[in-house]
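1. Sequence first, predicted model second:
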Amino acid sequence: MSRKALIAANWKMYKTPAEAKAFVEAFLPLVANQTRDEIALFPSATSLTTVVAATAGSNVAVGLQNMHWAEEGAYTGETSAAMLKAAGATHTLIGHSERRQYFNETDELVNLKLHTALRRGIVPVVCIGEVLDEREAGKTADVLCTQLRGAFSGIAPEAAAPIVIAYEPVWAIGTGKTATPEIAADAHKIIRREVAQILSPAIAESVRILYGGSVKPENASALLTQHDIDGALVGGASLKPDSLAAIVNY
Ligand code: 13P
């Protein structure tokens, strides 16, 4: 079964609405003929409607970098699934390592958010990955499996089809140290095997597993041609239209 790759741009806390609009205007012509892969931009919440308007009718989808699990309520500073959808977004990142590291996002919270996203018809990109100490201690597989089990607790296989997983080794994020294609492919195999156990072999076969961590135009092809790597979640190299387009058009 062939999986359609997803190239996703996580802009993190960069770009005002005007900068986001200028990016999209420069970017769309560079990827206009791209049908092989899906493309999604994840701007900050304040640029969401601008990016949705600027990409309307194009081959580029838009998502939020984070979403709250509750329908609504007294959660200062948060964005709900209904708000995300009303703004025209279709995707959300869940459990990015920076959310886990700086905002105490646990596997339990990731699980709550995943349930909400699936219930509300939002494509969830669930981020997992080990830190350097864990890799050096030989615990990578354990960490990934624990994160997956936590994230997928109570998720029915029949509801799981929209899920996308992003493997982002924390030691490779923003460090310029990319995982080698072999290291990434190994981790993706472990993830796919575990998804077969937790959800089902069919979901394991169809689920897209993206790689993230210092992806750039120079290494995109070596990573994205690995059998178990179904796309990329790009941070720094997604901030410039040419650079993201070069990754999309690898
Ligand atoms: P970099 O591509 O800047 O390493 O960031 C990866 C990332 O965290 C994407 O979500």
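-> Looks like it came in fine. In this text, all values refer to a predicted model and were calculated from it rather than measured experimentally.

2. Going by C-alpha atoms from here, please, whenever you check contacts or count neighbours.
-> OK.

3. Show me what from the chain comes close to the ligand.
-> Counting by C-alpha under 6 Å from any ligand atom, the chain comes close to the ligand at 10, 172-174, 212-215, 233-237.

4. If we use 8 Å, what do you get?
-> 9-12, 96-98, 168, 170, 172-176, 178, 212-216, 233-238 (C-alpha under 8 Å from any ligand atom).

5. Which ones among those residues map onto helices?
-> If you go by DSSP state H, those have 97-98 in helices.

6. Apart from its neighbours in sequence, what residue is nearest residue 112?
-> Nearest non-adjacent residue to residue 112, counting by C-alpha to C-alpha, 6 or more residues apart in numbering: residue 69, 5.7 Å away.

7. Any buried residues in the biggest helix by length in the chain, and which?
-> If you go by DSSP H, the chain has its longest helix at helix 181-198. Neighbour-count burial for helix 181-198 flags 181, 184-185, 187-189, 191-196, 198 (criterion: 16 or more other C-alpha atoms under 10 Å).

8. Check which helices and strands that helix sits against.
-> helix 140-151, helix 201-206, helix 217-224 (3 or more C-alpha pairs under 8 Å, 6 or more residues apart in numbering; DSSP states H and E).

9. Any chance of CSV for those helices, columns mean pLDDT?
-> Putting those into CSV (pLDDT from 0 to 100) gives the following:
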stretch, mean pLDDT
helix 140-151, 98
helix 201-206, 97
helix 217-224, 96
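
10. In JSON lines: those helices, plus mean neighbour count.
-> Conversion of the helices and strands packed on helix 181-198 to JSON lines gives the following (neighbours: other C-alpha atoms under 10 Å):
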{"stretch": "helix 140-151", "mean neighbour count": "19"}
{"stretch": "helix 201-206", "mean neighbour count": "17"}
{"stretch": "helix 217-224", "mean neighbour count": "18"}
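
11. so can I have a markdown table of the ones you listed showing distance to residue 19?
-> A markdown table is the format used below for the helices and strands packed on helix 181-198 (distance: least, C-alpha to C-alpha, whole Å):
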| stretch | distance to residue 19 |
| --- | --- |
| helix 140-151 | 34 |
| helix 201-206 | 36 |
| helix 217-224 | 22 |
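
12. got the angle for the helix or strand in which residue 126 is found vs helix 181-198?
-> Assigned by DSSP states H and E, residue 126 belongs to strand 123-128. Between the axes of strand 123-128 and helix 181-198, defined by axes from the mean of the first three to the mean of the last three C-alpha atoms, to 10 degrees, the angle is 110 degrees.

13. Given strand 123-128, what are its sheet partners and their directions?
-> strand 91-94 (parallel), strand 164-167 (parallel) (DSSP bridges).

14. Of these, which stretch is the most buried?
-> Between the strands paired with strand 123-128, strand 91-94 has the highest mean count of neighbours, a mean of 26, where neighbours are mean count of other C-alpha atoms under 10 Å.

15. Name the residues of the worst-scoring helix or strand of the chain on mean pLDDT that are buried.
-> Ranked by mean pLDDT, DSSP states H and E, the weakest helix or strand in the chain is helix 132-136, scoring a mean of 93. For helix 132-136, the neighbour count (16+ other C-alpha under 10 Å) marks residue 135 as buried.

16. Please apply the same query to stretch 107-118.
-> Buried residues in stretch 107-118 (16+ other C-alpha under 10 Å): 107, 109-118.

17. Contacts only, for residue 202.
-> Residue 202 is in contact with residue 196, counting by C-alpha atoms under 8 Å, 6 or more residues apart in numbering.

18. Can you name the helix or strand that the residue of the chain most remote from its centre falls in?
-> The centre of the chain is farthest from one residue, residue 74, which by C-alpha atoms, centre = their mean lies 27.1 Å away. Residue 74 is part of no helix or strand when elements are defined by DSSP H and E.

19. tell me the phi and psi of it?
-> phi -80, psi 80 (degrees, to the nearest 10).
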